[in-house]
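Trainee: sequence first, predicted coordinates after that:
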Amino acid sequence: MRAFLTALLLLTAWAVAWAQPATTTAPATSPAAEDELAVEEIVPEALLRTARESFVIVEFWYKKDLSDAAKADHKDWRTRRLYSDFVDQKRPEERTGLVVDDGLVLVADSAIEDRFLEKIVVRDVRGHRHEATRERLLTDAPGVLLRVAPPKKRREALKPLTFVPMEDRGINTLLLSARLFQSDDQWRIDAASLSAAVPFAPGKAKNVHFGDGSRYDAHGPDPELIADETGRPVGVDLSGEFDMAQKLCAWKGADLLAPTASLDWKLVRAAEDKARAALIDCIHQVVFQFGKAGHEYTTYALAVSPTDLLIPEGITRQSAAQIRRIFLKDPPASQRRADFVGAYKGFDAVLIRLREGKLPAHVELGKDDPQRMKPFWAATCRERFGRKYVDLGTARLVGKQRGYAGLYSWRASPELPSGAFLVNFQGQLVGLYVPQRPEDEATRQYLRKEEPAQRIYPISDLRAALTRPAEHMDPRIVVKTASESRRRAWFGVEYSRINRDLAEAFRVSKPTQDGQVGFVVSAVYAGSPAEKAGIRVGDILLRLKSETMAYPIELLPARARDEEYDSRRRSAAYAESESEEWLGEPEPTWRNRKNTLTEALDAVGIGKEVTIWYVRPDGTDAAAAKELKYRIEQAPVDQDSAAKWQNRSLGLTVKDMTYEVRHGLNLRDSDAGVVVAKVEDGSPMQVARIFANEVLTRLDDAPLTSAARMRELVAAARQAGRDKVRLTVLRLGKTRFADLSVAAYDPRDDEGLDDGED
């Protein structure tokens with residue numbers, strides 16, 4: 001844009017020159033001299049001279065914070081960048097600054113905490129170096145004033161800008177700019193005129209804008225000198241976009257240097273220490289224990305009321321369903337139990353509630369949202385020297401960005417770390433920076449595994465969610481029993497992958513995209529949604545889509561590659577051998593219900609209506625895709641969610657018989673039996689030569705109708721003084737007897753009979 005405007009003005013100047021009357025005598029100068037004259041008219045030498053004298057290069061020398069772990073996984077990209085780009089490389093970060101007053105240098109606010117800063121050095125155009133410290137923080141523009149140490153020699157003193165007042169001529173206001181930038185190992189001054197813009201709105205424009213924010217990046221722009229048409233300084237732009245009324249940010253020289261336009265750096269740091277201490281009292285370490293043995297997740301939560309704590313992270317339906325216990329881990333106090341309130345519908349955050357008593361402190365909710373350009377703190381939690389700690393980095397709202405559903409939200413500079421709490425200088429919570437949750441979040445994750453877009457949620461968006469949480473929770477994300485947490489959606493079919501050869505044989509190359517899309521139905525369960533919808537063996541399922549999804553989920557054979565049941569897995573010796581002991585553990589003859597189709601249905605959600613496209617081969621090339629509507633149902637209990645009995649002393653885990661096992665073994669619904677899910681090494685079960693994936697149909701003469709029934713019969717045998725029981729074992733269609741020693745049975749080792757929450 002700068003180059004274009006400069007070229008346009010040059011062409012205008014040439015046109016004026018050529019439009020002079022023919023009788024006018026042209027000066028005896030070379031074309032090069034004419035070019036220099038034109039540039040002199042556009043960019044006054046006074047502006048270039050001022051820029052050379054007042055621009056400086058500021059070196060920020062960083063150091064490692066020794067309180068960080070040796071291999072800390074920083075959520076804040078700024079910390080990672082400091083270490084990798086500067087500390088590890090033994091070099092400073094170089095930014096540009098402007099000498100705006102005697103001994104004061106204005107630089108962009110990089111929001112780097114003092115704990116990372118080793119020293120600041122200012123270097124002028126002559127190469128003189130000056131030590132500097134942070135002096136004041138601007139409140140209406142993203143800048144910091146540095147105090148430069150007095151020079152030892154007077155001639156080395158920095159020359160400050162002399163700002164002059166300017167006249168507001170509306171759209172006809174002519175402003176020039178100059179900035180210092182680096183190209184390779186050289187520093188250059190870029191000077192140009194600025195184009196004025198007015199709002200695209202009816203009526204006469206009352207405010208004129210300059211710039212478009214295109215210079216703004218994740219680190220914030222360096223200062224740009226603004227001058228009038230004669231080259232005299234009138235202000236400094238720190239945002240890449242400003243307006244005459246200074247509603248976007250302060251930029252006029254006199255306003256930037258006014259005492260009320262900045263805060264003393266030491267007072268800001270003192271307020272920061274006070275706010276940190278208060279926030280640490282409101283922060284608690286939270287431990288989630290899940291259904292899997294020994295699986296825990298530890299994070300931090302902020303107390304937002306005497307009983308409620310906000311965790312700035314999302315949780316999936318699958319993870320929430322398996323929560324067994326939540327407690328606050330605050331040594332030296334004892335663990336305090338908490339309950340899962342829910343996960344928010346619109347943004348990635350979880351709310352938990354203290355089960356008993358009250359929290360010692362909680363953060364106050366701010367009354368107002370953060371204002372544009374006004375500094376606030378981005379607070380994140382971590383452990384430091386074995387104790388909880390809060391990092392506070394300054395940030396500002398600098399503009400807006402368009403996001404999901406075309407809505408605009410605030411953009412901050414510097415970029416905020418994920419999960420940051422926005423806290424004002426009074427220590428109040430005024431916002432949150434977390435990923436947004438679109439309504440079809442699960443299907444998006446299923447399709448693309450992409451990271452969700454993050455945005456700022458000001459306190460006006462959060463207040464109702466924090467004070468009336470029940471109205472804002474996702475009803476699908478709930479804690480379930482161990483069995484219910486493993487229940488899945490279903491359609492009620494078994495399938496095989498389509499391929500090019502099958503597509504050609506079935507003459508469905510077109511609807512299956514040459515065998516790249518589709519599952520061939522190999523079985524339909526009785527009473528299933530698929531049977532009710534008229535699906536038959538041989539139909540080919542192609543894709544599915546709900547109303548909220550942008551595009552359908554293709555049922556791709558490539559996704560189901562690992563699901564194929566290898567019917568050739570048994571060798572000839574394996575199949576013909578009569579010694580079950582030699583065979584060892586058999587492979588299951590039933591399919592795992594966690595497959596590509598059920599995962600896709602789970603992603604959409606039980607209760608949601610989907611359209612399923614399928615094709616029914618008819619022996620011609622004319623077979624076309626059909627569609628059916630289906631409201632996703634929860635599947636019956638399968639082997640993953642079946643009731644079980646586990647006993648460590650016997651070394652066994654058995655589960656109830658489920659529909660897919662009966663199908664895989666060609667058993668009737670009335671046939672008794674429990675499935676051996678696991679056998680421990682060296683246990684009585686292993687000694688009895690009973691293996692996983694076998695079926696126990698009877699104990700002595702009693703049919704085994706459930707895992708709970710087997711436990712009752714074993715307990716009764718022990719109470720009767722018996723040391724052994726006889727089991728009838730079904731293996732790949734054949735039966736045998738096995739004697740199981742129950743002498744070591746201890747009812748205290750029973751597990752799995754009660755899968756409710758602790």
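Mentor: That came in fine, so what should we check first?

Trainee: surely residue 751 meets residue 652?
Mentor: No - under the criterion of C-beta atoms under 8 Å, residue 751 is not in contact with residue 652, lying 10.9 Å apart. Where you see a C-beta, it was placed from the backbone N, CA and C, and this is true even at glycine.

Trainee: list residues touching both of the two?
Mentor: Residues touching both residue 751 and residue 652 by C-beta atoms under 8 Å, 6 or more residues apart in numbering: 645-646.

Trainee: look at the two and report which has more neighbours.
Mentor: Between residue 751 and residue 652, counted using other C-beta atoms under 10 Å, the more crowded position is residue 652 (28 against 14).

Trainee: what pLDDT is listed against the more buried one?
Mentor: Predicted confidence (pLDDT) at residue 652: the value is 95.

Trainee: is it in a bridge, and if so with what?
Mentor: Assessed by DSSP bridges, residue 652 has beta-bridge partners residue 647, residue 679.

Trainee: for it, what are its contacts?
Mentor: Contacts of residue 652 by C-beta under 8 Å, 6+ apart are 645-646, 676, 678-680, 683, 685, 690.

Trainee: repeat that for residue 490.
Mentor: By C-beta under 8 Å, 6+ apart, the residues touching residue 490 are 528-529, 593, 598, 601, 633-636.

Trainee: now the biggest strand by length in the chain: how far from the chain's centre is it?
Mentor: Determined from DSSP state E, the single longest strand within the chain is strand 387-402. Chain-centre distance of strand 387-402: 16 Å, with C-alpha atoms, centre = their mean, to the nearest Å.

Trainee: strands paired with the very next helix or strand once past that strand, and their directions?
Mentor: Downstream of strand 387-402, the next assigned helix or strand under DSSP states H and E is strand 408-413. Looking at strand 408-413 with DSSP bridges, its partner strands are strand 387-402 (antiparallel).

Trainee: give me the buried positions along the strand it pairs with.
Mentor: 388-399 (16 or more other C-beta atoms under 10 Å).

Trainee: next one: stretch 362-370
Mentor: So stretch 362-370, judged by 16+ other C-beta under 10 Å, has buried residues 362-363, 366, 369-370.

Trainee: need the contact partners of it.
Mentor: 278-279, 282, 302-306, 308, 376, 396-397, 410, 421-424, 426-431, 458-460, 462-463, 466-467.

Trainee: if you set the cut-off to 7 Å instead, what comes out?
Mentor: Under the criterion C-beta atoms under 7 Å, 6 or more residues apart in numbering, residues 279, 282, 302-306, 376, 397, 422, 424, 428-431, 458-460, 463, 466 lie in contact with stretch 362-370.

Trainee: that one: end-to-end distance?
Mentor: Using C-alpha to C-alpha, to the nearest Å, one end of stretch 362-370 lies 20 Å from the other.

Trainee: pLDDT on it, on average?
Mentor: Rounded mean pLDDT across stretch 362-370 is 97.

Trainee: ok now that stretch, how far from the chain's centre?
Mentor: 24 Å.

Trainee: surely residue 143 is in contact with residue 109?
Mentor: Yes - applying C-beta atoms under 7 Å, one finds residue 143 in contact with residue 109, separated by 5.6 Å.

Trainee: and those two? Which one has more around it.
Mentor: Neighbour totals were compared for residue 143 and residue 109, and residue 143 leads with 29 against 20 (other C-beta under 10 Å).

Trainee: measure the more buried one to residue 58 for me?
Mentor: 12 Å (C-beta to C-beta, to the nearest Å).

Trainee: overlap of the contact sets of the two?
Mentor: Residues touching both residue 143 and residue 58 by C-beta under 7 Å, 6+ apart: residue 107.

Trainee: average pLDDT across the helix or strand encompassing residue 96?
Mentor: Assigned by DSSP H and E, residue 96 falls within strand 93-101. Model confidence over strand 93-101 averages 96 on the pLDDT scale.

Trainee: for stretch 588-597, same thing?
Mentor: Mean pLDDT, stretch 588-597: 90.

Trainee: what's the first-to-last distance across it?
Mentor: Using C-alpha to C-alpha, first and last residues of stretch 588-597 are 20 Å apart.

Trainee: how about the secondary structure of residue 531?
Mentor: helix (DSSP: H, G, I helix; E, B strand; the rest coil).

Trainee: lowest average confidence, helix or strand, in the protein?
Mentor: The weakest-scoring helix or strand in the chain, judged by mean pLDDT, DSSP states H and E, is helix 572-576 (a mean of 39).

Trainee: tell me which stretches of the stretch 501-650 of the chain form strands.
Mentor: Assigned strands in the stretch 501-650 of the chain, in chain order: 519-524, 540-546, 553-554, 609-615, 625-631, 633-634, 644-647 (criterion: DSSP state E, counting those that start in this stretch).

Trainee: redo those strands as a markdown table? Include distance to residue 714, mean pLDDT and mean neighbour count.
Mentor: Formatted as a markdown table, the strands of the stretch 501-650 of the chain follow (distance: least, C-beta to C-beta, whole Å; pLDDT from 0 to 100; neighbours: other C-beta atoms under 10 Å):
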| stretch | distance to residue 714 | mean pLDDT | mean neighbour count |
| --- | --- | --- | --- |
| strand 519-524 | 35 | 96 | 20 |
| strand 540-546 | 44 | 95 | 22 |
| strand 553-554 | 46 | 92 | 20 |
| strand 609-615 | 45 | 96 | 20 |
| strand 625-631 | 43 | 94 | 14 |
| strand 633-634 | 32 | 94 | 15 |
| strand 644-647 | 8 | 95 | 24 |
